[in-house]
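S.K.: what shape does this take:
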Amino acid sequence: MPGLAVDPDMTASLAALAATVPLQAGLLASQAGQLLVALFAVAIVIVVGKFVLKLAWRLVTIGIVLVAAFYLLSTLGVV
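M.R.: This next block holds a predicted model:
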């Protein structure tokens, strides 16, 4: 394999082998494969973001209700 590091005992180093083999063959070898991986990564980010935003929206809504209740109670002189 071109660009593969060879140790003095004529065996390829594991780090060099792990770094070059996935890039030479498989899904990342073509532009379509790279595009597929990128789209899959974006889909994961969107799905995770959807759940995070759902939680954030609930927290903001709860915060609005609590602050509004505190404001009304302080306006009435209860707190």
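
S.K.: now the helices for this structure?
M.R.: 14-24, 31-75 (DSSP state H).

S.K.: distance of residue 46 relative to residue 53?
M.R.: 10 Å (C-beta to C-beta, to the nearest Å). Bear in mind the C-beta positions are built from the backbone N, C-alpha and C, glycine included.

S.K.: and the gap between residue 48 and residue 66?
M.R.: 27 Å.

S.K.: hmm, I typed the wrong one, I wanted residue 47.
M.R.: 30 Å.

S.K.: and what of residue 31?
M.R.: For residue 31 relative to residue 66 (C-beta to C-beta), the value is 52 Å.

S.K.: and if you look at residue 30?
M.R.: 54 Å.

S.K.: mean confidence score for stretch 55-72?
M.R.: What stretch 55-72 shows for mean pLDDT is 96.

S.K.: what's next to it, contact-wise?
M.R.: Stretch 55-72 is contacted from outside by residue 79, using C-beta atoms under 8 Å, 6 or more residues apart in numbering.

S.K.: mean pLDDT per helix and strand in this structure: which one sits at the bottom?
M.R.: Using mean pLDDT, DSSP states H and E, the weakest-scoring helix or strand in the chain turns out to be helix 14-24, at a mean of 57.

S.K.: number of residues surrounding residue 36?
M.R.: 13 (other C-beta atoms under 10 Å).

S.K.: which residues touch it?
M.R.: Counting by C-beta under 8 Å, 6+ apart, residue 36 has contacts residue 27.

S.K.: any idea of the pLDDT on it?
M.R.: 95.

S.K.: now do it against residue 51, distance only.
M.R.: 24 Å.

S.K.: just residue 79 next, same as before
M.R.: For residue 79, the distance to residue 51 - C-beta to C-beta - is 35 Å.
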